[in-house]
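Enquirer: quick one: sequence and predicted model below, then my questions.
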Amino acid sequence: MHSRPHDNKEYVMKALFVFSLTLAFSMITLPIAAQEDFSDVEFEVTKVSGNVWVLISGRGGNIGVSSGPDGVLMIDDQFAPLADKIRVALRETGASSDIKFLLNTHFHGDHTGGNIEFGEEATIIAHTNVRERLAAPGSAAAEALPVITFDEALSIHFNGEEIRAFHIPNGHTDGDAVIYFMGSNVLHMGDDFFSGLFPFVDIASGGSVEGVERGVSEILQHVPEDISIIPGHGPLSTVEDLELYHRMLLETVAMVKQKMERGLSIEQIQDEGVAEEWSEWGTGFVSTDRWVDTLYRSLSGSSDGDYVEHGHGPTNSSSQNREKRSGRQKGTGTHPN
């Protein structure tokens, strides 16, 4: 385990590569996650600003940490089998006590899978819809459920600053929260921001591309230009990175909408692809074809055939068939050599 500056390009590329290979297996139920081999996972621990650190493994959602005199507040916790490695990584932040608060940015298991391990020591906080989804039969144990929930916003005064959680309606899911460390000037955006990648949008769980775009737009109107941004997946980012992500959302939405109005089918739109500027954004788990499929279904109001929770559920047949026709490797979004 090593601490690195957040601009280490070699690590960023490695993390994104590992992320693209493993995200297809990251959002499954806890029994299946427990069978996965996490022995090779290492956390890169980076101080962002003030009291805030980020833990990145490339295996699940990025973990935000406030470490200071009041103790530890953690944002998201990846998978239960990684709990011990997370605890070791926390020591690099100077943490010497148990976790006092645990905030979930949404309900997906690559962000909440560790709740079962940390719930006895930490007070778990999340949007109301996160608790409702985790409390569904067969979803999560009682110890893994949020005990404090909110609808619009919530503040925690901890380690000398206000830490404010805001709800993003119908973004990545219907229970998203972004967390702003006001004194440290750091924003954790959860999966409403995939840095440099086409995002997964869980339409079946109340998410929408339009909701993600609205949320990002609202954030860009209010955050300081020098803020540091922790995305749900990808490297530590800047406002400039978020602006580029927002422009990608606007331009790809407009492109698909225009072609839908011309009467093109989803397969025809996929055949035409996206603008060259965005072609590399489909090299993660969400390939270009899958992103077009997501745009098409979100714009048409359809949630049929969603690949639920980062690809773990029924895959939309048109996207799947298109990938087979193109020879694209399912799950990685890359082409075989």
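Expert: Done, it's in. Numbers count the residues shown, from 1 in each chain.
Enquirer: okay, CA-based contacts and neighbour counts for the rest of this
Expert: OK.
Enquirer: spit out the contact partners of F38.
Expert: Under the criterion of CA atoms under 8 Å, 6 or more residues apart in numbering, the neighbours of F38 are P81, L82.
Enquirer: let the chain start at 6 from now.
Expert: Sure, I'll start numbering at 6, so the last one becomes F43.
Enquirer: helix, strand or coil for it?
Expert: Assigned with DSSP: H, G, I helix; E, B strand; the rest coil, F43 falls in the coil class.
Enquirer: any idea how far M79 is from it?
Expert: 21 Å (CA to CA, to the nearest Å).
Enquirer: now do the same contact list for the residue nearest the centre of the chain.
Expert: Nearest to the mean C-alpha position of the chain, counting by CA atoms, centre = their mean, stands D196 at 2.7 Å. By CA under 8 Å, 6+ apart, D196 lies in contact with G66, T110, H177, P204, F205, P236, G237, H238.
Enquirer: can you tell me which of those residues is nearest I153?
Expert: Set against I153, the nearest of the contacts of D196 by CA to CA is T110 (13.3 Å).
Enquirer: hang on, the closest one packs against A131?
Expert: Yes: applying CA atoms under 8 Å, one finds T110 in contact with A131, separated by 6.8 Å.
Enquirer: who's more crowded, these two?
Expert: A direct count of neighbours by other CA atoms under 10 Å for T110 and A131 places T110 higher, at 31 against 27.
Enquirer: walk me through the domains of the protein.
Expert: 7-253, 258-331 (automatic domain parsing).
Enquirer: in TSV: the ones you listed, plus mean pLDDT.
Expert: Putting the domains of the chain into TSV (pLDDT from 0 to 100) gives the following:
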stretch	mean pLDDT
domain 7-253	89
domain 258-331	78
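Enquirer: any idea which of those domains is most buried?
Expert: Among the domains of the chain, domain 7-253 has the highest mean neighbour count (mean count of other CA atoms under 10 Å), at a mean of 20.
Enquirer: just checking, next helix/strand downstream of the strand or helix carrying L225?
Expert: For L225, the element it lies in under DSSP states H and E is helix 214-227. As assigned by DSSP H and E, the chain's next helix or strand after helix 214-227 is strand 233-235.
Enquirer: beyond that next one, next helix or strand please.
Expert: Using DSSP H and E, the helix or strand that follows strand 233-235 towards the C-terminus is helix 244-266.
Enquirer: what does that next one contact?
Expert: Residues contacting helix 244-266 (CA under 8 Å, 6+ apart): 198-201, 214, 218, 221-222, 225, 230-234, 274, 279, 283, 297, 300-301, 304.
Enquirer: returning to what we had before: kindly reformat the contacts of D196 as TSV containing distance to H116.
Expert: Below are those laid out as TSV (distance: CA to CA, whole Å):
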residue	distance to H116
G66	5
T110	7
H177	13
P204	15
F205	14
P236	12
G237	9
H238	11
